[in-house]
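sequence plus the predicted model coming up.
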Amino acid sequence: MQQVRIRAEYAAHAHFEDEDIIEDPAWLPGEIERAMEVIRTLPTETFAEHFREYYDAVRDHTGERIDDDVQAVVRIRKLIYISDDNELVHTTPAKIQYMDTDGETQVTNLSAEGPDGFDSFVVTLPPLTFERDDFEFPESFQALVVSNLMCQIRDIYLNMGEEPPTEYQVEGIGKTATLHDGLVSRPNG
């Protein structure tokens, strides 16, 4: 039933263009495509400026970036803010989700938010170990960030009970909130 409701909301959102039925652009495939294109076409220097710290956080899964109370790093998120004219206007510092030694979930940089008035999207990756030439920074890592956004589009379609378009039938990490059956759930959905 949840898939039917979510699919109906998506159809209503597409039909009634003047109303924001789905308010969060991070749950609209077309909006994520817009964010993907912004990231894909960023000049290398600009991407490096905004994503170097995120790359370092994804590569560092020892907990050294957090404190001594880390049992395991679960995922690393970065919020990106896109203007209406498709410009990257802001990124937040990496938010590292980890399990502490008591088994409790913790998140760093909870207060790190961006400016109001822009669409926000989240890039989410697990801690990764890179081999010598895998995901060189910045070019290959830029493609990995775009891939994460593609996987999020895949998960939105799966969440509606639909097969994703062919270009989004990819493997990888996408949306991270899941239901008991493995499907992704939109917040409050």
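On my side now, so go ahead.

for the longest strand along the chain, buried residues please.
Using DSSP state E to define each element, the chain has its longest strand at strand 70-82. The neighbour-count check on strand 70-82 (16 or more other C-beta atoms under 10 Å) flags 70, 73-82 as buried. To be clear about C-beta, it is placed using only N, CA and C from the backbone, and glycine gets the same treatment.

who does it touch, helix- and strand-wise?
helix 29-40, helix 44-59, strand 88-91, strand 95-100, strand 119-125 (3 or more C-beta pairs under 8 Å, 6 or more residues apart in numbering; DSSP states H and E).

mind naming the longest helix for this protein?
helix 139-159 (DSSP state H).

name the nearest residue to R40, ignoring sequence neighbours.
V146 (5.1 Å; C-beta to C-beta, 6 or more residues apart in numbering).

tell me which residue is most central in this structure.
Closest to where the C-alpha atoms of the chain average out (C-alpha atoms, centre = their mean) is V123, at 2.6 Å.

residue contacts, that one?
Residues near V123 by C-beta atoms under 8 Å, 6 or more residues apart in numbering: 54, 77-78, 80, 145, 148-149.

can you give me the neighbour number for the nearest residue to D119 once chain neighbours are set aside?
Among residues not flanking D119 along the chain, P25 sits closest, at 4.4 Å (C-beta to C-beta, 6+ apart). Using other C-beta atoms under 10 Å, P25 has 17 neighbouring residues.

how about A48?
By the criterion of other C-beta under 10 Å, A48 has 16 neighbours.

not counting sequence-adjacent ones, nearest residue to it?
According to C-beta to C-beta, 6+ apart, the nearest residue to A48 is P138 (4.3 Å).

could you measure from the one you found over to M99?
30 Å (C-beta to C-beta, to the nearest Å).

and D84, by the same measure?
39 Å.

same drill for the two, tell me which one is more crowded.
Each of D84 and M99 has its neighbours counted (other C-beta under 10 Å); M99 has more, 15 against 9.

tell me the pLDDT of the more buried one.
We have a pLDDT of 86 for M99.

same thing with the one 3 residues further on?
For D102, the model assigns a pLDDT of 87.

could you tell me the angle between the longest strand of the chain and strand 119-125?
150 degrees (axes from the mean of the first three to the mean of the last three C-alpha atoms, to 10 degrees).

partner strands of strand 70-82, with direction?
strand 88-91 (antiparallel), strand 95-100 (antiparallel), strand 119-125 (antiparallel) (DSSP bridges).

comparing those by mean pLDDT, which bottoms out?
With a mean of 86, strand 95-100 has the lowest mean pLDDT of the strands paired with strand 70-82.

now do it: distance to the chain's middle.
Relative to the centre of its chain, strand 95-100 is centred 16 Å away, using C-alpha atoms, centre = their mean, to the nearest Å.

from now on call the first residue 216
Fine by me, first position is 216 from now on; the one you just mentioned is strand 310-315.
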